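> predicted coordinates and the sequence they were generated for:
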Amino acid sequence: MSVETWTILFVALSFALYLYIGWRSRVRDSSGFYVAGQGVPAIANGAATAADWMSAASFISMAGLISFLGYDGSIYLMGWTGGYVLLALLLAPYLRKFGKYTVPDFVGDRYYFNTARLVAVVAALFVSLTYVAGQMRGVGIVFSRFLQVDISTGVIIGMVIVAFFSVLGGMKGITWTQVAQYCVLIVAFLIPASAIAFLLTGNPIPQLAFTFSDIVPKLNQLQVDLGFQEYTQPFANKSMLDVLFITIALMVGTAGLPHVIVRFYTVPDVRSARFSAGWALLFIALLYTSAPALATFARYNLINTLHNQPIEQVRQLDWVSKWENTKLLTFEDKNNDGRVELTPDKTTSEITIDPDIIVLSTPEVAKLAPAVIALVAAGGLAAALSTASGLLLVVSSSVAHDVYYRILRPDASEAQRVFVGRVMVGFAVALAGYFGINPPGFVAQVVAFAFGLAAASFFPVILLGIFDQRTNREGAIAGMLTGLIFTIFYIVGVKFYGMQPWFFGVSAEGIGTLGMIINFIVTFVVSRLTPPPPVEIQEMVEDLRSPSGELPVEAVH
């Protein structure tokens, strides 16, 4: 069968599974809709967390960026993985003990003021909508190549699938769908990684092939011969300061991501939250230790396949013609010598490759079986849809639970709360579709902006809210607003209005670190210049850090 036929088969089977799980997991109460009834086993929650966290950026785009940036691309590995460890050890157990549904719920109750809750809602919406843009772009890319439909149509198909299991099952439907999606995406990533590792080095274990073969020295020499820096040369594409700032922004941004944090509310108790964090780290490591190997193999293979080859011969390759149709791979014989050349200078390079196609195209470049190529497409969709669904629920809960129920209609019935939640999921899906059709950048770049916004808004007030009794509502509100506004201003100015990165050359992807520092300083200083929190809040914070037990219900109202 052809690649397209296999893809249709795998995508149809996986989508049917997701729809079936969504139908079986449908809920009627708000606890099931927002936190899956807090009954998800630790290992299942670990798999769901891994799928929620390993988005299209991890599956589709991260290896592509490492492939393009070489050593400097390790910022994504270090930042995202280190950030998850930070979240699992420093924040997750305490937030689970707090026992609420959402991050704005924690902020609103910890800082005893609905204005703080509203600011947190705005921040959650900014982070989630920015993040979901990257996921829907990933969906569109997969559909446009493997099912030969335009990106807009692919995004709409993805929207319908996500809307179905999100609207019906809420967090319960999303959780069990994400467990299935993790299984699909990890198999889809590891099989081609192992196959290409074996083809190039004779070792089927990607991590060992990457470490103990001569593929990296060969690629370094190949890069030098073409005029590039060595693949392993540090700080060749980004300054040391920018690498540091991006890594920190990704780390603390991960620890502040509302759609990941809410996963720890779905388990029965604090102990389960800790165990699910450990399982998730194991599941994540399977992909993240394979990504740098796949990135290296893919770059080596692409250069050998395309560079200095006759352009007509290249265009006769089936995978080349199909990726050219997506406009994500282009060739232009600028010197009219009949061959295509890859050079460091974009004005002379005759090959243009979008980083987002590296993982998806690698099985085709390596001439793997059509079934493997199609499996990668299904994995890319699973990664994008799993994270998109989690983000959409954050948007829904931020408005339906934290604004409608906690502020506007405290007397709303269970049915009314779930209905508003479902309506908001539909609204969020429509927004996600728009951003998927009109994306503001590469998948991983867009996601990096979301992490920067999370770092600058949520991380300081969550950390201080747990570990500093003196932090009050005035400080939290001032800190969140200052960090968020500064970071948005810098990102939008640099990416869309031609503003130069004026803070020592730090890029838009890394500026969230400075936003976080500003947030910390403002929160800390304002808290010390204004009255302390009420005694009951200080006692609640003290109890929050005790090693066992749940907070009494009255302590969080």
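Perfect, I can see it now.
> straight-line length of stretch 34-43, end to end?
19 Å (C-alpha to C-alpha, to the nearest Å).
> buried ones in it?
With burial defined by 16 or more other C-beta atoms under 10 Å, the residues of stretch 34-43 counted as buried are 34, 35, 36, 37, 38, 40, 42, 43. For the C-beta atoms, the positions are set from N, CA and C on the backbone; glycine is no exception.
> burial count for the closest residue to residue 493 other than its chain neighbours?
Leaving aside its chain neighbours, residue 493 sits nearest to residue 499 (3.5 Å; criterion: C-beta to C-beta, 6 or more residues apart in numbering). Residue 499 is flanked by 14 other residues according to other C-beta atoms under 10 Å.
> distance of residue 33 relative to residue 262?
12 Å (C-beta to C-beta, to the nearest Å).
> can you check residue 457 too?
Counting by C-beta to C-beta, the separation of residue 457 from residue 262 is 16 Å.
> shouldn't residue 542 be in contact with residue 469?
Yes: look at residue 542 against residue 469 with C-beta atoms under 8 Å: they come within range, at 6.5 Å.
> show me which of the two is the more surrounded one.
Ranked by neighbour count (other C-beta under 10 Å), residue 542 and residue 469 place residue 469 first, with 19 against 10.
> and the strands in the protein?
Assigned by DSSP state E, the chain shows strands spanning 309-310, 329-331, 339-340, 351-353.
> wait, which of those is closest to residue 69?
In terms of C-beta to C-beta, the element of the strands of the chain nearest to residue 69 is strand 351-353, at 13.2 Å.
> so which elements touch the closest one?
Applying 3 or more C-beta pairs under 8 Å, 6 or more residues apart in numbering; DSSP states H and E, we find strand 351-353 packed against strand 329-331.
> about what we covered before: tell me the phi and psi of the residue nearest to residue 493?
As for residue 499, its main-chain torsions (degrees, to the nearest 10) stand at phi -70, psi 140.
> so for it, what's the pLDDT?
pLDDT recorded at residue 499 is 89.
> so what pLDDT did residue 485 get?
With respect to pLDDT, residue 485 has a value of 92.
> what's the spacing between it and residue 122?
10 Å.
> now swap in residue 213 and tell me
For residue 213, the distance to residue 122 equals 50 Å [C-beta to C-beta].
> neighbours around residue 293, how many?
27.
> can you pull the contacts of it?
By C-beta atoms under 8 Å, 6 or more residues apart in numbering, the residues touching residue 293 are 193, 197, 206, 207, 209, 210.
> who wins for neighbours among these?
Counting neighbours by other C-beta under 10 Å, residue 193 leads the contacts of residue 293 with 29 neighbours.
> quick one: residues contacting that one.
Neighbouring residues of residue 193 by C-beta under 8 Å, 6+ apart: 206, 290, 293, 294, 297.
> and it, what pLDDT?
What the model reports as pLDDT for residue 193 is 90.
> now do the one 3 residues further on
Reported pLDDT at residue 196 in the predicted model: 89.
> wait, residue 35 sits on residue 175?
No: between residue 35 and residue 175 there is no contact under C-beta under 8 Å: 9.4 Å.
> and for these two, which residues touch both?
In terms of C-beta under 8 Å, 6+ apart, residue 35 and residue 175 are both contacted by the residues residue 266.
> pLDDT below threshold where in the protein?
The model of the chain has pLDDT under 70 over residues 100-101, 439-448, 547-557.
> show me which helix runs longest in it.
Longest helix in the chain, counting residues (DSSP state H): helix 151-201.
> distance from the chain centre to that one, please.
Counting by C-alpha atoms, centre = their mean, to the nearest Å, helix 151-201 is centred 13 Å from the centre of its parent chain.
> how about stretch 282-293?
From the chain centre to the centre of stretch 282-293 is a distance of 15 Å (C-alpha atoms, centre = their mean).
> one more: stretch 73-81?
On C-alpha atoms, centre = their mean, the centre of stretch 73-81 falls 12 Å from that of its chain.
> got it, and stretch 512-520?
20 Å.
> now do it: everything it contacts.
Contact with stretch 512-520 is made by 244-246, 248-249, 252-253, 451-457, 459-461, 464, 479-480, 482-484, 486-487, 490, 503, 506, as judged by C-beta under 8 Å, 6+ apart.
> with stretch 18-32 instead?
Contacting residues not belonging to stretch 18-32 are listed as 33, 37-38, 101, 161, 164-166, 168-173, 175-177, 180-181, 385, 401, 405, 414-415, 417-418, 421 [C-beta under 8 Å, 6+ apart].
> try 6 Å
Contact with stretch 18-32 is made by 33, 37, 164-165, 168-170, 172-173, 176-177, 414, 417-418, as judged by C-beta atoms under 6 Å, 6 or more residues apart in numbering.
> now residue 296: how far from residue 200?
Counting by C-beta to C-beta, the gap from residue 296 to residue 200 is 9 Å.
> neighbour-wise, which of these two wins?
Set residue 296 next to residue 200 and count neighbours by other C-beta under 10 Å: residue 296 wins out with 27 against 19.
> tell me the contacts of the more buried one?
By C-beta under 6 Å, 6+ apart, no residues touch residue 296.
> same check on residue 399?
Neighbours of residue 399 in contact, by C-beta under 6 Å, 6+ apart: residue 424.
> could you measure from it over to residue 168?
Distance from residue 399 to residue 168, by C-beta to C-beta: 19 Å.
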